[in-house]
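Visitor: Coordinates for the following, if possible.
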Amino acid sequence: MLFYSSAISGLDVFIPGIILLGLSIGFLSGLLGVGGGFLITPMLNILFGIPYNVAVGSGLVQMVGTAISGIIGHRKRGNVDIKLGLVLASGSLVGIFAGTRFINFLRDMQTITINSREIVAVNFYISILYAGLLLYVGGNMYREAFHSKDDRMNGNSSVAQRLVKALQVPPLFHMKHSTLDSISIWVLLFSGLCIGFLSGLMGVGGGFVVLPFMIYALGMPTSIAIGTSLLYVLLSAVMGSFAHLISRNVDWGIVIFILAGSISGAQLGALLSSRIRAVLLRRYFVVLVGIAFLLVVGNVLVSMGWIVF
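Guide: Presented below is the predicted three-dimensional model:
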């Protein structure tokens, strides 16, 4: 049987395609320290027609398994700062549930009319948000990854790093494992809140936002940022999964098929990440974000009738 009939979305989904998507996302998760939600969610919608609310919920659930697999590999290499990951995740709880409520609001809008076309509201608005977020994150990382000759992430203090250091509001944390002398807990909690909102709303798990934050705002070494980012992805994905489960946005069949490929892919990615220079990892990440941006924008233009195949 090559197709799975999704009761939630009412679609027949090509099983080998879902497994291959999971394998690719798992590999990228282990290699770059991202949960893969910023790719899984739009790809489920673009390639398989899964509504965004179901893609977000199902993507977050599978991310739990993928992140666990990736963390195992990074933990063995001492690349996980547990203390930092826990503090960020604790700040995400309120944000995740707020983001989930907002996407449910968009889901209940059903359709909107643009250029005499009926478009699913949640798909259109989340696509626009994805495009903006991908452009912002990709642009910032491009400037750093392709214009820095220093493989060490904390070689030059960025504007974000200077801002974080200036906000020394007690209590302060000292995180030697991540080479952070001191950082205000309020900075971490507020950052977690914002990232958590994106996680609940867009199913991104926080990884592709947390990784640049750890690298460019906190000045963490790349290897530790990748491992710690995966820990945050795991914790936020667990919280986000619960929020979407009670909102009936999770299709367990899709989750299982994605996990079938992503778990083994994450182990392979974690193995290779320690063998690739930090600057190359950053550049791979930028290229990946750029591809995702083009796919999302293209899908929006097609839905609006501006591009016809």
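
Visitor: From I254, how far off is the residue in the chain sticking out farthest from the centre?
Guide: No residue in the chain sits farther from the centre than S116, which is 33.4 Å out by C-alpha atoms, centre = their mean. Distance from S116 to I254, counting by C-beta to C-beta, to the nearest Å: 32 Å. Where you see a C-beta, it was placed from the backbone N, CA and C, and this is true even at glycine.

Visitor: same question, M304
Guide: Between M304 and I254 the computed distance is 27 Å (C-beta to C-beta).

Visitor: higher neighbour count, the two?
Guide: A direct count of neighbours by other C-beta atoms under 10 Å for M304 and I254 places I254 higher, at 30 against 13.

Visitor: How many residues are close by the residue nearest to the more buried one when sequence neighbours are not counted?
Guide: Leaving out its chain neighbours, the residue that sits closest to I254 by C-beta to C-beta, 6 or more residues apart in numbering is S58, at 4.6 Å. For S58, the neighbour count with other C-beta under 10 Å is 30.

Visitor: Show me which positions of whichever strand or helix holds S58 end up buried.
Guide: Here S58 sits within helix 52-76, counting by DSSP states H and E. Along helix 52-76, these residues count as buried under the neighbour rule (16 or more other C-beta atoms under 10 Å): 52-71, 73-74.

Visitor: pLDDT (mean, whole number) over the helix or strand following it?
Guide: Helices and strands here follow DSSP H and E; after helix 52-76, the next one along the chain is helix 82-108. The average of the pLDDT scores along helix 82-108 is 86.

Visitor: Give the partner strands of the helix or strand following helix 82-108 in its sheet and their orientations.
Guide: Next in sequence after helix 82-108, counting helices and strands by DSSP H and E, comes strand 111-114. The pairing partners recorded for strand 111-114 under DSSP bridges are strand 117-120 (antiparallel).

Visitor: What are the contacting residues of the partner strand?
Guide: Residues outside strand 117-120 that contact it (C-beta atoms under 8 Å, 6 or more residues apart in numbering) are 51-52, 110-113, 303-305.

Visitor: Weed out the non-buried ones from these.
Guide: 51-52, 303.

Visitor: would you turn these into JSON lines with distance to F242 and pLDDT?
Guide: Shown next, in JSON lines, are the buried ones among the contacts of strand 117-120 (distance: C-beta to C-beta, whole Å; pLDDT from 0 to 100):
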{"residue": "P51", "distance to F242": "20", "pLDDT": "87"}
{"residue": "Y52", "distance to F242": "19", "pLDDT": "83"}
{"residue": "S303", "distance to F242": "31", "pLDDT": "79"}
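
Visitor: between these, which is closest to M202?
Guide: Checking those against M202 by C-beta to C-beta gives Y52 as the nearest, at 8.5 Å.

Visitor: doesn't A121 make contact with the closest one?
Guide: No. Between Y52 and A121 there is no contact under C-beta atoms under 8 Å: 9.6 Å.
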